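[1] sequence and predicted structure, then a few things I'm wondering about:
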Amino acid sequence: MLPDVPPPALRLGLDTDALTSNWHALNRMSGAARAGAAVKADGYGLGAAQVVPVLHAAGCRDFFVAHWSEAPAVLASAGPLSLSVLHGPVTHADAAFARAAGIKPVINSLEQARRWLQAGGGPCDLMVDTGMNRLGVAMTELGDPVLAGLEIDVLISHLVSAEDDTALNERQRLGWVHARTVIPHVRASLANSAGIALGASYHGDLTRPGIALYGGVPRPEMAAVLRQVARPEAAILQVREVPAGETIGYNATFTASAPMRVGTIALGYADGYLRCWSGKGRFLAGGQVLPVLGRISMDLTVIDLTHAPEIGEGDWVAADYALPESSIATGLSQYELLTLLGRRFGR
């Protein structure tokens with residue numbers, strides 16, 4: 001029998017105090033509405049099993065995932081809670097699963113509405129398309145009799161450009177307000193993370209923050225109240241001395257101008273630390289900033305330890321990974337920075 005597998009040389013630091021603080025901040029900003037939580041994509045890459053219990057303990061009760069396959073991990077993590085699946089009942093099997101598990105499907109079309117009713121119906125949410133042209137019942141379909149047969153908890157629409165000051169926000173809000181007068185429902189929800197900052201007229205009864213929970217800053221006015229949640233960390237596998245004139249990494253993109261002490265860490269683009277970090281990334285340890293040297297490779301990255309003689313093999317370093325600044329540095333969205341983080345991280 002094999003012994004236990006050693007712990008990985010990668011770990012994802014999760015600041016649960018920051019996650020709790022972010023939910024409370026967004027809940028306060030939601031005014032009379034209650035803040036829910038989007039925990040799709042395995043809790044935005046941080047691990048649904050890790051983030052859902054923290055959010056539930058903070059007071060969150062409404063959770064949203066995209067795929068049916070994401071539901072069991074959320075249901076097993078905490079309770080009681082309300083769980084909605086955004087993609088809706090695409091098949092009869094989806095509808096049967098939702099009824100058996102007590103999950104709300106988000107109905108996105110008249111066909112999904114019929115499928116849900118054929119399965120026996122029950123509480124559901126309804127997505128109304130007010131301008132995204134992605135998922136949702138069209139505004140012209142709101143009078144269809146099949147919708148009158150639904151037991152709608154949350155009437156939802158989704159903002160296209162809430163992070164920008166655009167006339168489209170108000171146009172969508174007015175469409176959502178109109179839908180609220182036409183479709184019977186218990187609660188209504190329009191604002192995502194950025195939409196919360198647009199004000200009370202966008203809040204309804206329930207807001208649906210996602211990226212802001214996890215340290216993303218979708219609008220500048222939210223920066224002061226949101227804290228960084230995730231910090232990728234890696235162990236140093238090897239330390240070496242590199243003479244002046246030697247190159248480091250693939251394609252020799254970095255040349256040492258003086259003798260250097262460097263460390264190789266167990267992190268690369270297969271883990272979501274993409275090549276766009278080459279020559280731009282920084283790691284932190286012992287109060288020192290440790291720049292990335294040369295090109296990021298699949299499983300490995302080289303960092304400068306010249307001014308950190310106390311750091312050696314087996315020690316841990318943390319990526320400088322604040323989402324707004326990292327997005328500017330790399331060109332990746334704040335969403336990509338989180339959801340790209342791979343399965344090799346210990347969570």
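    Thanks, I have the structure now. Residues are numbered from 1 along each chain as shown.

[2] tell me the pLDDT of the residue nearest to the spatial centre of the chain.
    Nearest to the centroid of the C-alpha atoms of the chain, with distances taken as C-alpha atoms, centre = their mean, sits Tyr44, at 2.8 Å. On the pLDDT scale, Tyr44 is placed at 98.

[3] Gly210 is in contact with that one, correct?
    Yes - judged on C-beta atoms under 8 Å, Tyr44 makes contact with Gly210 at a distance of 6.5 Å. For the C-beta atoms, the positions are set from N, CA and C on the backbone; glycine is no exception.

[4] what's the overlap in contacts for the two?
    Counting by C-beta atoms under 8 Å, 6 or more residues apart in numbering, the residues touching both Tyr44 and Gly210 are Ala38.

[5] and Ala66, what does it touch?
    Lys40, Ala41, Val85, Leu86, His87.

[6] got the contact list for Val317?
    Val317 sits next to Glu233, Ala234, Ile236, Gly263, Ile265, Phe283, Leu284, Ala285, Leu290, Ile303, Ile311 when contact means C-beta under 8 Å, 6+ apart.

[7] kindly indicate which of the contacts of Ala66 lies nearest Arg180.
    Among the contacts of Ala66, Leu86 lies closest to Arg180 (C-beta to C-beta), at 19.4 Å.

[8] what sits against that closest one?
    Leu86 sits next to Lys40, Phe64, Val65, Ala66, Val106, Met127, Leu135 when contact means C-beta under 8 Å, 6+ apart.

[9] which residue packs closest to the fourth one, ignoring adjacent ones?
    Computed as C-beta to C-beta, 6 or more residues apart in numbering, the closest residue to Ala66 that is not its neighbour in sequence is Lys40, at 4.1 Å.

[10] pretty sure that neighbour sits against Trp68.
    No - Lys40 lies out of contact with Trp68 (C-beta under 8 Å); the separation is 11.4 Å.

[11] quick revisit: reformat the contacts of Val317 as JSON lines; add pLDDT, secondary structure and distance to Ala48.
    Formatted as JSON lines, the contacts of Val317 follow (pLDDT from 0 to 100; DSSP: H, G, I helix; E, B strand; the rest coil; distance: C-beta to C-beta, whole Å):
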{"residue": "Glu233", "pLDDT": "98", "secondary structure": "strand", "distance to Ala48": "20"}
{"residue": "Ala234", "pLDDT": "98", "secondary structure": "strand", "distance to Ala48": "23"}
{"residue": "Ile236", "pLDDT": "98", "secondary structure": "strand", "distance to Ala48": "30"}
{"residue": "Gly263", "pLDDT": "98", "secondary structure": "strand", "distance to Ala48": "33"}
{"residue": "Ile265", "pLDDT": "98", "secondary structure": "strand", "distance to Ala48": "27"}
{"residue": "Phe283", "pLDDT": "98", "secondary structure": "strand", "distance to Ala48": "27"}
{"residue": "Leu284", "pLDDT": "98", "secondary structure": "strand", "distance to Ala48": "27"}
{"residue": "Ala285", "pLDDT": "96", "secondary structure": "strand", "distance to Ala48": "29"}
{"residue": "Leu290", "pLDDT": "98", "secondary structure": "strand", "distance to Ala48": "31"}
{"residue": "Ile303", "pLDDT": "98", "secondary structure": "strand", "distance to Ala48": "31"}
{"residue": "Ile311", "pLDDT": "97", "secondary structure": "coil", "distance to Ala48": "33"}
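
[12] redo the residues you listed as JSON lines? Include distance to Arg227.
    What follows is the contacts of Val317, written out as JSON lines (distance: C-beta to C-beta, whole Å):
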{"residue": "Glu233", "distance to Arg227": "17"}
{"residue": "Ala234", "distance to Arg227": "22"}
{"residue": "Ile236", "distance to Arg227": "27"}
{"residue": "Gly263", "distance to Arg227": "28"}
{"residue": "Ile265", "distance to Arg227": "25"}
{"residue": "Phe283", "distance to Arg227": "20"}
{"residue": "Leu284", "distance to Arg227": "16"}
{"residue": "Ala285", "distance to Arg227": "21"}
{"residue": "Leu290", "distance to Arg227": "23"}
{"residue": "Ile303", "distance to Arg227": "25"}
{"residue": "Ile311", "distance to Arg227": "26"}
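
[13] before we move on, the earlier item: in strands, which of the contacts of Ala66 appear?
    Within the contacts of Ala66, residues falling in strands by DSSP state E are Val85.

[14] tell me where the longest helix sits in the chain.
    Longest helix in the chain, counting residues (DSSP state H): helix 167-182.

[15] next helix or strand past that helix?
    Using DSSP states H and E, the helix or strand that follows helix 167-182 towards the C-terminus is strand 187-189.

[16] helix, strand, or coil at Gly80?
    Quick fix: residue 80 reads Pro, not Gly. Local secondary structure at Pro80 is given as coil here, using DSSP: H, G, I helix; E, B strand; the rest coil.

[17] distance of it from Thr306?
    54 Å (C-beta to C-beta, to the nearest Å).

[18] neighbour-wise, which of these two wins?
    Thr306 (18 against 7; other C-beta atoms under 10 Å).

[19] ok, the more buried one touching Ser257?
    No - between Thr306 and Ser257 no contact is recorded; they are 11.2 Å apart, counting by C-beta under 8 Å.
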